[in-house]
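Novice: this is a predicted model, with the sequence first.
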Amino acid sequence: MKKRERIRAEIVKLSERRKQIDARIETLEQQYKEEEMLEIQTMIKKAKLTPEEVEDLLRNKPVIRKTSNEKKQEEQNS
């Protein structure tokens, strides 16, 4: 019986350790996703992309940037 009890105790101990490791993995995966999103946001800000330009990029459409004169002219025509 003592051998079975030791085996059972080891199972309980390892099961608890697995729960701790699973929780740590989940935390790290969340941190990884957050860092990835931050990196993407930083790239978008550095490139000074508008939301429409980002959408075009994601849809594999060419990104056509308007000059400041074209933007002003559009605003005046609106």
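Specialist: Done, it's in. All figures in this text were calculated on a predicted structure; none of them were measured in a lab.
Novice: next one: the residue most central in space within the chain from residue 3, what distance?
Specialist: Geometric centre of the chain, nearest residue: residue 33, 3.3 Å, by C-alpha atoms, centre = their mean. As for residue 33, its distance to residue 3 is 45 Å (criterion: C-beta to C-beta, to the nearest Å). The C-beta positions use only the backbone N, C-alpha and C, and glycine is treated the same way.
Novice: same thing with residue 12?
Specialist: 15 Å.
Novice: neighbour count winner among those two?
Specialist: residue 12 (10 against 7; other C-beta atoms under 10 Å).
Novice: on the three-state scheme, the more buried one is what?
Specialist: Under DSSP: H, G, I helix; E, B strand; the rest coil, residue 12 falls in the helix class.
Novice: got it, and residue 61?
Specialist: Per three-state DSSP, residue 61 ends up coil.
Novice: any idea how many residues pack against it?
Specialist: Residue 61 has 10 neighbouring residues, counting by other C-beta under 10 Å.
Novice: mind checking pLDDT for it?
Specialist: Listed pLDDT for residue 61 reads 81.
Novice: where does pLDDT dip in this structure?
Specialist: Low-confidence segments of the chain (pLDDT under 70): 68-74, 78.
Novice: hmm, try it at 90
Specialist: Low-confidence segments of the chain, defined by pLDDT under 90: 1, 47-78.
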